[in-house]
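**Q** Pasting the sequence and the predicted coordinates here, then a few questions.
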Amino acid sequence: MNLASWFAVRRELSSKKRMLLSVGSFLLPLLIWCMVSYVPGIWHPMVMISNPGDVDYFQNGMLVDRDAFDEELKNMQSAHKALPKGDPANPIYLPAPHEVAKAFYTGFTTPPQQQDGQWLHESLLHSIKIIFWGFVLSSLIGVPLGILCGTYSAISRLTEPFVEFFRYLPAPAFGALAVAVLGIYDGPKIAIIVIGTLFQQILIIANTTRNLDYALIEAALTLGTNRFKLLFHVILPGILPALYRDQRILLGWAWTYLIVAELIGTSSGITWFITQQARYQHFDNVYAAIIMIGLLGLGGDLILAAIGKRLFRWDRPANKE
Amino acid sequence: MKKSIDLPSYLDQSEEVKARFERLKSREVILEVKNLCKDYKTGKGSVTALKNVNFKTHRREFVCVIGPSGCGKSTLIRILAGLESHTSGDVLLDGNPVTGPGRDRGMVFQGYTLFPWLTVKKNVMFGLEMNNMSETQAASEAALWLDMIGLEKFANSYPHELSGGMKQRVAIARALVNQPRILLMDEPFGALDAQSRSKMQSHLLEIWRNVDITVLFITHDLDEAIFLADRILVLKAHPGEVQELIEVPVPRPRGAMQFNSPEFLATKARLDELIHPPVVEQDVEIEVKPHMIRFTNVEDNVE
Ligand SMILES: Nc1ncnc2c1ncn2[C@@H]1O[C@H](COP(=O)(O)OP(=O)(O)OP(=O)(O)O)[C@@H](O)[C@H]1O
Ligand SMILES: [Mg+2]
């Protein structure tokens, strides 16, 4: 296989190569993680004590810095006492892949530790619920307003300067305010997602609407279309595939606000799970939960992409993807 | 450019052609343009795109507008379509001033403007449905037109599945199904290759022969203008003014053989003269003289 065929500028690869590289893009980080975890020579800055010897504060299974271990080893050697023994290890915050994989499975099978605690899947479901309502509410305002801004200059001039300003205000800054207004449960969390998404949404969709080929509007006008029908019979169907793509990107945006949103008021959902597990130093569970968020986000987007492809058969550029 | 001496004048018309023009001019006036002016306001001041344009078009006439690039052809047709405002003068359709776009003036654009989300059939039905015709009736009229343009097999295809020529056929049908008074066409075949272009020209003439429609057709191709038109409106640039309204002496029905007929060549010579004015001698003299150097082997001769 020659190298040039892999690096043709802006040319699509064969489907076999594409598949290979997509798998590779996940395998590569996994490989690095495995190497750091399983090859003793790489990193491993700690020592896991397997025999404390005569060091009085060492215990079996204890993690100590390599420097501290080496020093105690020297002390014991010079004092001619029993030497401590230990194996190189990684810090507690970097569990090995197999530990995380196990946590991934046991996370769903272990009952909650507290009486009123939630199962992992309940936490996840709660997070998805927050995202869903936040995104739906944001879209309910953002999509129509964005389309109107892209269609009528008057509405755009009246709306966009303020929206431009507001989108620079960090959504989390409204956390305390949201709690004061909406209470401590789901209300303020959904509000943060809405604040984080809505203003970008208006601007992006207004721009998408403006990108519709004006010649199509002119063609419709010469066919006797009135202004009102123009919006529903030309502009809306014309931008639909691009709008759909925008919504996918914006949904990703909403996910990034999830963690902040869930820390506001009573912490809840997957974030609550993560903070709980981190408090008890169950970092394998923390990683499992983080990976789960990634899989949910990516999986959701892939499903939406596939639906879009079937929905907009007439849209050639999208279908070439 | 060769110029035979025995070419007739483009003003000579056979009895038959004369009679046709008599009949044409006796039909009612569909479109009247009076003292039309258009100035564009730009950052650096105003540009006069059209100045005092006057002409009349009769029912079922085929008019071509021709002129050098930038002479205001597109500006003119866009004003007629109501897509652009004019600075002064009048545009009258059946005696009524044109104020905005409307279904009484169909338009075919140079770029492809079929609605990509609608099938071919739905594209043709679009105008009818926008004007509140019921879907079943619109569908039957669209079917009729698809048959007429020979694309009934593509009724359920999307525009991106069609060739350039097929797209423009659909665009013509989409405009004509609305029964406009006049069909405005801005270089509709400009993006097509020579072969599909000449096919489309014959096709358009055939439609025009069978439908009660007046056509105003913009082109910068002299042959195309002579082949299609009854009369040719020749514009000049900066500012855009009418130079001459030429009555094409080539008899109808038109065919490919006529491209070499004396009337055709005479008309073409006249158009050439108007659009590419003879170059002044001095300009030729200060021409650069290339100095040729051989970069190849002497024996490696290509001639
Ligand atoms: N929107 C505009 N603003 C300013 N000037 C314009 C605008 N549109 C056209 N013009 C100017 O008006 C003149 C006529 O333009 P127009 O597009 O009508 O020419 P055209 O005959 O259609 O040319 P072409 O053969 O290249 O299509 C040109 O000088 C052009 O620069
Ligand atoms: Mg033009």
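**A** Great, that's in hand. Ligands and ions are numbered 1, 2, ... in the order given.

**Q** Can you name the residue of chain A nearest chain B?
**A** Using CB to the nearest CB, A:Gly224 is the residue of chain A that sits closest to chain B, at 3.0 Å. For the C-beta atoms, the positions are set from N, CA and C on the backbone; glycine is no exception.

**Q** next one: phi and psi at that residue?
**A** phi 90, psi 30 (degrees, to the nearest 10).

**Q** so what's it up against?
**A** Counting by CB atoms under 8 Å, 6 or more residues apart in numbering or on different chains, A:Gly224 touches B:Pro101, B:Gly102, B:Arg103, B:Gly127, B:Met130, B:Asn131, B:Asn178.

**Q** Can you flag which of these belong to helices?
**A** Secondary structure from DSSP state H places B:Gly127, B:Met130 of the contacts of A:Gly224 in helices.

**Q** re earlier: any idea how far the closest residue to the residue of chain A closest to chain B other than its chain neighbours is from A:Asn226?
**A** The shortest distance from A:Gly224 to any non-neighbouring residue, by CB to CB, 6 or more residues apart in numbering or on different chains, is to B:Arg103 (3.0 Å). The gap separating B:Arg103 from A:Asn226 is 10 Å, by CB to CB, to the nearest Å.

**Q** Could you do A:Lys102 as well?
**A** Taking CB to CB, one finds A:Lys102 at 65 Å from A:Asn226.

**Q** between the two, who's got more neighbours?
**A** Set A:Lys102 next to A:Asn226 and count neighbours by other CB atoms under 10 Å in any protein chain shown: A:Lys102 wins out with 15 against 12.

**Q** So the more buried one is in contact with A:Asp284, correct?
**A** Yes - the criterion here is CB atoms under 8 Å, and A:Lys102 meets it with A:Asp284 at 7.0 Å.

**Q** thinking again about what came up before, quick one: which of the contacts of A:Gly224 is nearest ligand 1?
**A** B:Pro101 (16.8 Å; CB to the nearest ligand atom).

**Q** Run a quick neighbour tally on the closest one.
**A** Counted by other CB under 10 Å, the residues lying close to B:Pro101 total 22.

**Q** What sits closest to A:Phe108 if chain neighbours are left out?
**A** Nearest residue to A:Phe108 in three dimensions, chain neighbours excluded: A:Leu120, at 5.5 Å (CB to CB, 6+ apart).

**Q** swap that for A:Ile259, sorry
**A** Per CB to CB, 6+ apart, closest to A:Ile259 is A:Thr271, 5.2 Å.

**Q** try A:Ala278
**A** Here the residue nearest A:Ala278, using CB to CB, 6+ apart, is A:Val286, at 5.3 Å.

**Q** mind listing what's buried in the helix or strand the one you found falls within?
**A** Per DSSP states H and E: A:Val286 is located in helix A:283-311. Residues A:283-289, A:292-293, A:296-297, A:300, A:304, A:308 are the ones in helix A:283-311 that count as buried (16 or more other CB atoms under 10 Å in any protein chain shown).

**Q** same deal with stretch B:134-148?
**A** Those would be B:Ala138, B:Ala139, B:Glu141, B:Ala142, B:Trp145, B:Leu146, B:Met148, for stretch B:134-148 by 16+ other CB under 10 Å.

**Q** Could you identify the longest helix within chain A?
**A** The longest helix of chain A (DSSP H) is helix A:120-151.

**Q** mind listing the strands for the stretch 51-200 of chain A?
**A** Assigned by DSSP state E, counting those that start in this stretch, the stretch 51-200 of chain A shows strands spanning A:63-65, A:85-89.

**Q** buried residues in the first one?
**A** It stands for strand A:63-65. By 16+ other CB under 10 Å, the buried positions in strand A:63-65 come out as A:Val64.

**Q** same for it, what does it pack against?
**A** Packing partners of strand A:63-65 (3 or more CB pairs under 8 Å, 6 or more residues apart in numbering or on different chains; DSSP states H and E): strand A:46-51.
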